[in-house]
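Peer 1: with the sequence up front, the predicted model follows.
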Amino acid sequence: MADPVDPALSAVLAEAVEAGVCSAAVAAICVRGRVVAEAAAGELVRYADDSGTLAAERPPVHQDSIFDLASITKLFTTCVVLGLVEEGRLELDAPVADVLPEHYAGRAHITLRHLLSHTAGLQPTRRAYLEIPGASVEEQLDLIISTPITQPVGGPYLYTDVGMVTVGRIAELAGGAPLDVLVAERVTGPLGLADTGFRPSTATWDRVAATECRPSGFVRGTVHDETASALGGVAGHAGIFSTAGEVLRFGEMLRLGGSPVLRASSVKEMLADQGATGAPFRQGLGVRLGDPAIVGPLHDGFGHSGFTGTALVVSPSRELTVVLLTNAVHPLRGRPGIRELRHAVASLGAELSGT
């Protein structure tokens with residue numbers, strides 16, 4: 001079997017690192033069930049501070065390096081919830097108030113489908129850790145789930161972490177276990193993803209890419225998202241870490257119909273356009289369809305991006321899965337070029353698929 005390390009992909013990643021788009025990048029491309037290209041470039045820790053001073057020790061990134069997936073976590077949470085729907089423990093179109101009666105009293109028109117499609121009318125985020133400093137995880141979660149409606153229910157589309165935090169809590173109540181346990185039992189375990197999950201073991205921290213510089217130092221081995229961090233590192237919207245190879249296997253599971261995680265009918269429902277208006281893409285259940293920020297020429301591609309600089313794109317027509325993991329928030333957020341890098345990697349995937 002040919003070495004999947006691809007010179008063109010390596011060059012794209014190296015150029016992005018050199019240009020300062022990110023400090024570390026790993027990519028993997030699978031066509032018709034076979035890994036045809038992979039590459040890694042950069043350093044897991046490049047900077048000593050937020051002014052751009054290079055660190056004295058800069059460990060190189062490798063194919064098995066671990067990255068904070070950020071919002072790609074939402075796809076794992078969605079899979080857990082859809083599995084619970086299959087078992088009859090949840091219903092997509094039942095009122096959320098059935099599961100959260102105290103928090104959703106008077107909001108019986110909001111359903112799980114609304115939350116998963118970002119059409120529940122909830123505000124984008126809520127910084128509970130700032131509103132009630134020193135509060136427990138339970139108190140913060142209670143405040144987040146109690147967030148009032150600010151827009152019409154049913155649309156237009158309003159991207160919200162609040163909704164997916166709520167979905168994570170609904171999964172815990174219906175599944176009878178914490179969300180990290182449910183993800184392990186229902187998604188990563190069946191797929192054999194040993195390096196994928198919330199709160200990576202300290203034994204793996206030397207493989208984890210650093211993210212943002214904060215007053216306490218660089219974030220490394222713990223989640224970058226402040227809300228997820230304040231909730232103990234486990235939340236429905238962010239917090240999962242993984243390698244490019246394991247995210248690739250997760251994407252392939254969805255491309256091939258869900259086994260052993262979900263039924264094909266559940267994946268079909270997940271990938272169905274939910275009719276949300278007002279977004280530059282179509283919205284499925286937890287997943288984006290044709291998101292121009294990540295798909296490049298893969299116009300039928302579905303997947304998700306992550307604030308840390310990650311992307312998963314699956315193109316059913318090309319039998320193609322593309323993964324890009326970076327730490328574009330190291331040492332600081334707001335660095336330019338990540339959209340272009342995502343497009344370049346997706347374009348290489350299109351070329352390698354032969355379509």
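Peer 2: Cool, got the structure.
Peer 1: quote the end-to-end distance of stretch 319-330.
Peer 2: 33 Å (Cα to Cα, to the nearest Å).
Peer 1: and the strands in the stretch 1-150 of the chain?
Peer 2: 24-31, 34-42, 67-68 (DSSP state E, counting those that start in this stretch).
Peer 1: which of these sits closest to residue 149?
Peer 2: strand 67-68 (30.2 Å; Cβ to Cβ). Glycine gets a C-beta too; all of them are placed from N, C-alpha and C.
Peer 1: quick revisit: tabulate the strands of the stretch 1-150 of the chain (TSV), appending mean pLDDT, mean neighbour count and distance to residue 272.
Peer 2: Formatted as TSV, the strands of the stretch 1-150 of the chain follow (pLDDT from 0 to 100; neighbours: other Cβ atoms under 10 Å; distance: least, Cβ to Cβ, whole Å):
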stretch	mean pLDDT	mean neighbour count	distance to residue 272
strand 24-31	98	28	24
strand 34-42	98	20	28
strand 67-68	98	31	29
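Peer 1: got those as a markdown table, with distance to residue 129 columns?
Peer 2: Listed next are the strands of the stretch 1-150 of the chain as a markdown table, based on distance: least, Cβ to Cβ, whole Å:
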| stretch | distance to residue 129 |
| --- | --- |
| strand 24-31 | 28 |
| strand 34-42 | 31 |
| strand 67-68 | 18 |
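Peer 1: so for residue 347, which of these sits nearest?
Peer 2: strand 24-31 (10.8 Å).
Peer 1: distance from the closest one to the middle of the chain?
Peer 2: 16 Å (Cα atoms, centre = their mean, to the nearest Å).
Peer 1: please apply the same query to stretch 254-261.
Peer 2: Going by Cα atoms, centre = their mean, where stretch 254-261 is centred and where its chain is centred differ by 17 Å.
Peer 1: list the buried residues in that stretch.
Peer 2: 254-255, 258, 261 (16 or more other Cβ atoms under 10 Å).
Peer 1: cool, and stretch 334-350?
Peer 2: 335, 337-338, 341-350.
Peer 1: what do you get for stretch 210-230?
Peer 2: Within stretch 210-230, the residues that qualify as buried are 210-213, 218-230, counting by 16+ other Cβ under 10 Å.
Peer 1: cool, and stretch 54-63?
Peer 2: 55, 58-59, 61.
Peer 1: and for stretch 279-293?
Peer 2: So, applying 16+ other Cβ under 10 Å, buried residues of stretch 279-293: 279, 281-291.
Peer 1: which residues are in contact with that stretch?
Peer 2: Contact with stretch 279-293 is made by 74-75, 77-78, 81-82, 92, 113, 116-119, 156-157, 159, 164, 167, 269-274, 276, 294, 299-305, 339, 342, as judged by Cβ atoms under 8 Å, 6 or more residues apart in numbering.
Peer 1: now list the buried members of these.
Peer 2: 74-75, 77-78, 81-82, 92, 113, 116-119, 157, 164, 167, 269-271, 274, 276, 294, 301-305, 342.
Peer 1: if we can go back for a sec, give me the lowest-pLDDT entry from the buried residues of stretch 334-350.
Peer 2: Looking at the buried residues of stretch 334-350 by pLDDT, the weakest one is residue 335, with 90.
Peer 1: hmm, it is touching residue 19, no?
Peer 2: No: assessed by Cβ atoms under 8 Å, residue 335 is found out of contact with residue 19, at 9.6 Å.
Peer 1: ok, the helix or strand hosting residue 311: who's next to it in the sheet?
Peer 2: If you go by DSSP states H and E, residue 311 is part of strand 310-315. Applying DSSP bridges, strand 310-315 is found paired with strand 302-306 (antiparallel), strand 320-326 (antiparallel).
Peer 1: for residue 28, find the nearest of the ones you listed.
Peer 2: strand 320-326 (4.9 Å).
Peer 1: sorry, back to before: out of the strands of the stretch 1-150 of the chain, the one nearest residue 140 is which?
Peer 2: strand 67-68 (20.1 Å).
Peer 1: now what about that closest one, what contacts it?
Peer 2: 24, 26, 208-209, 211, 223-224, 241-244, 306, 308, 310, 325-327.
Peer 1: same thing with stretch 30-40?
Peer 2: 4-6, 8-10, 12-13, 24-29, 61-63, 65, 244-245, 248, 251-252, 256, 318-322, 348-349, 352-354.
Peer 1: try 6 Å
Peer 2: Identification of contacts with stretch 30-40 by Cβ atoms under 6 Å, 6 or more residues apart in numbering yields 4, 6, 9-10, 13, 26-29, 61-63, 248, 252, 319-321, 352-353.
Peer 1: domains in this protein, by residue range?
Peer 2: 7-72+180-259+285-353, 76-177 (automatic domain parsing).
Peer 1: and those as JSON lines, adding distance to residue 265?
Peer 2: Putting the domains of the chain into JSON lines (distance: least, Cβ to Cβ, whole Å) gives the following:
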{"stretch": "domain 7-72+180-259+285-353", "distance to residue 265": "9"}
{"stretch": "domain 76-177", "distance to residue 265": "8"}
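Peer 1: lowest average confidence, helix or strand, in the protein?
Peer 2: strand 217-218 (a mean of 89; mean pLDDT, DSSP states H and E).
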